[in-house]
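S.K.: the following comprises the amino acid sequence and a computationally predicted model.
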Amino acid sequence: MLTMEHVGKELSGRLVLHDVNLAFERGVYGLLAPNGAGKTTLIRLLATLLAPDAGAIRWNGEDIVAMGERYRAMIGYLPQDFGYYPNHSPRRFLRYIATLQGVPRARIAPRVDELLAMVHLTDQADRRMRTLSGGMIRRVGIAQALVHRPRILLFDEPTAGLDPKERARFRTIVHDLAADHIVVIATHIVSDLETVADHVIMLNGATVRCNDTPAAICERLEGHIHEMPEDVALHDGQLLLGVVQRGGEIRKRVYSPEPLEDDDAVVVPVPPSLDDAFLLAYHD
């Protein structure tokens, strides 16, 4: 188990994380928050790229900073800005990373081939990376994080800039990894987490404001999310979450602190979504 115990961190004189307590076991954990809310700082703490100013992070009870390389050998990390050699091919780059990670020489070639197949890059394996699309580069990034068979995977904004097809492929890969790994994904894209995350952690004001399953988060909003025609006025406490199109009609999606009655299909209660919870947590 990987735990964060009363962790705090300041950067440039600003409190970024305060009294954070989290526990990670096998499965997928989504860090869901707007940009600047502390997601990357938390990921970098888990990767030992930063050290806590307060509290401790432990692997099975042992401080990860004290563990040093023993802990880092268990981590696969994909940063938001993934660095690579543009003139390397994916195959050459992954072999290079495998060597750095201490993968035995005889196992490098088959492991690289396995990973290229996993991320659907076998046909592109020998092209220079500078000629690949952004989505392909991110897939190489996922592969390099897995090359040494880590137990903990840390992904920071892994689908930034990817098209819907590439994001769907990423979710499939994560789903396949979830049974045997701790996977922590920092993102502000709700759709990256809705179908794969076992737990969603929301950060706000330097603290953890929510840590629960997607189903439990949505259940709290049951009866409070409604759709109504565009011209229906909102009352005090109600919040516009967005607009949707139903049968050619534009309808407002609204949160109401008090459940509203179905008014002859004018005001209709609808199932809440994780997107609704996100918008409510961070509305101005």
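M.R.: Right, received. Where do you want to start? Residues are numbered from 1 along each chain as shown.

S.K.: Asn211 belongs to a helix?
M.R.: No. Read with DSSP: H, G, I helix; E, B strand; the rest coil, Asn211 is strand and lies in no helix.

S.K.: test my guess that it contacts Asn204.
M.R.: No. Using Cβ atoms under 8 Å, Asn211 makes no contact with Asn204, being 11.9 Å away. Bear in mind the C-beta positions are built from the backbone N, C-alpha and C, glycine included.

S.K.: please identify which of the two sits among more neighbours.
M.R.: Neighbours per residue (other Cβ atoms under 10 Å) separate Asn211 from Asn204, with Asn211 holding more: 17 against 14.

S.K.: next one: the more buried one from Asn60, what distance?
M.R.: 21 Å (Cβ to Cβ, to the nearest Å).

S.K.: next: Leu279.
M.R.: Leu279 is 37 Å from Asn60, by Cβ to Cβ.

S.K.: Pro158 reaches Pro79, doesn't it?
M.R.: No. Counting by Cβ under 8 Å, Pro79 is not a contact partner of Pro158; they are 9.7 Å apart.

S.K.: nearest spatial neighbour of His145, chain-adjacent residues omitted?
M.R.: Heads up, residue 145 is Ala, not His. Gly76 (3.5 Å; Cβ to Cβ, 6 or more residues apart in numbering).

S.K.: number of residues surrounding that neighbour?
M.R.: Counted with other Cβ under 10 Å, Gly76 comes out at 23.

S.K.: Arg92 should be in a helix, yeah?
M.R.: Yes. Judged by three-state DSSP, Arg92 forms part of a helix.

S.K.: which of the helices and strands in the protein ranks last by mean pLDDT?
M.R.: The helix or strand of the chain with the poorest confidence is helix 164-177; it has a mean of 84 (mean pLDDT, DSSP states H and E).

S.K.: contact partners of it?
M.R.: 28, 118-120, 135, 138-139, 142, 146, 153, 155, 158-159, 162, 183, 185, 189, 191-192, 195-196 (Cβ atoms under 8 Å, 6 or more residues apart in numbering).

S.K.: contacting residues around the residue nearest the centre of the chain?
M.R.: The chain has Ile185 as the residue nearest its centroid, 2.5 Å off, counting by Cα atoms, centre = their mean. Ile185 is in contact with 28-31, 155, 158, 174, 192-193, 197, counting by Cβ under 8 Å, 6+ apart.

S.K.: repeat that for 6 Å
M.R.: 30, 155 (Cβ atoms under 6 Å, 6 or more residues apart in numbering).
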